[in-house]
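1. Build me a model from this:
(one chain, ligands or ions: 2)
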Amino acid sequence: MRRLDKEEGCLFLPNPQAPMNTERIARKLCQNLERLPYLPFVTDEELGERLDPEVIQAFRLLESLNRAQGICYRCGGKCCHEMGCELFSPELGGCPIADYRPLLCRFHYCEKFGPEHEGLVKGLRDLFVSAAAHGEAESRVVLGLELNMLLYRACRKPDDHCPHLVENMRQIAAAAHRGEMSWQEAKGKFREEVETYRSMKQQEANLALAGAD
Ligand code: SF4
Ligand code: SF4
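-> Ligands and ions are numbered 1, 2, ... in the order given. Model prediction:
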């Protein structure tokens, strides 16, 4: 396998000739994400169009490792479980919305990817945190990240407003747990929820644009 971090001077590793510029990449990423109306749910293609080549290479390297060694598959989604994501269930055998999975999931890798990739894993995490910090309060990016956190329950308080989408996902999971629908059906319904949310947000953005003309 090609060693991106060794052969191509990856930006995430300390290199005196090519110092890391997480700040610049994060600012650009944040600006580009701002134009996506349906955050936090993004496809590979949509994200790929908005990332610097160095970041795309980092993702490719870690994803090809993941595919070759089944790292997340063998782990069974420990991080998804620990964060309390509504979409995580061992019965599903993986993320039910993998191709739309939120930004935070896409930037998260862990120590199981090996000590030789520690710098890359940390670099992606720093980039995500830095991109979030660049978003204006109440901006689309920051709201997208907050929804991300809702999906993870991590910052939820009892009186937090719960978006319709998250409530629907809870109900789907509860129905599958009660045996009222199969996990395969639940997976389809999770995806439908995300697709409906994306279309609704796109329509809202189109209407806002038409209104501004
Ligand atoms: S990122 Fe790490 S903790 Fe999360 S599923 Fe993959 S191997 Fe498991
Ligand atoms: S949405 Fe993210 S945290 Fe939830 S199951 Fe999918 S990858 Fe895991």
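2. going forward, measure contacts between C-alpha atoms and count neighbours the same way
-> OK.
3. Nearest residue to the most centrally placed residue in the chain in space, please, no chain neighbours.
-> Computing the C-alpha centroid of the chain and ranking residues by Cα atoms, centre = their mean puts residue 103 first, at 2.3 Å. Spatial nearest neighbour of residue 103, excluding adjacent residues (Cα to Cα, 6 or more residues apart in numbering): residue 40 at 5.9 Å.
4. hang on, that neighbour packs against residue 140?
-> No: taking contacts as Cα atoms under 8 Å, residue 40 lies outside contact range of residue 140: 9.2 Å.
5. which parts of this protein sit against ligand 1?
-> 71, 72, 75, 76, 77, 78, 79, 108, 109, 110, 112 (Cα under 6 Å from any ligand atom).
6. Can you point out the buried residues in the one helix or strand residue 169 maps to?
-> Taking DSSP states H and E as the definition, residue 169 sits inside helix 164-177. Across helix 164-177, burial judged by 16 or more other Cα atoms under 10 Å covers 165, 166, 169, 170, 172, 173, 176.
7. need these in JSON lines with distance to residue 131 and pLDDT, can you?
-> Output for the buried residues of helix 164-177, formatted as JSON lines (distance: Cα to Cα, whole Å; pLDDT from 0 to 100):
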{"residue": "165", "distance to residue 131": "24", "pLDDT": "84"}
{"residue": "166", "distance to residue 131": "24", "pLDDT": "84"}
{"residue": "169", "distance to residue 131": "27", "pLDDT": "90"}
{"residue": "170", "distance to residue 131": "29", "pLDDT": "89"}
{"residue": "172", "distance to residue 131": "32", "pLDDT": "95"}
{"residue": "173", "distance to residue 131": "31", "pLDDT": "93"}
{"residue": "176", "distance to residue 131": "36", "pLDDT": "96"}
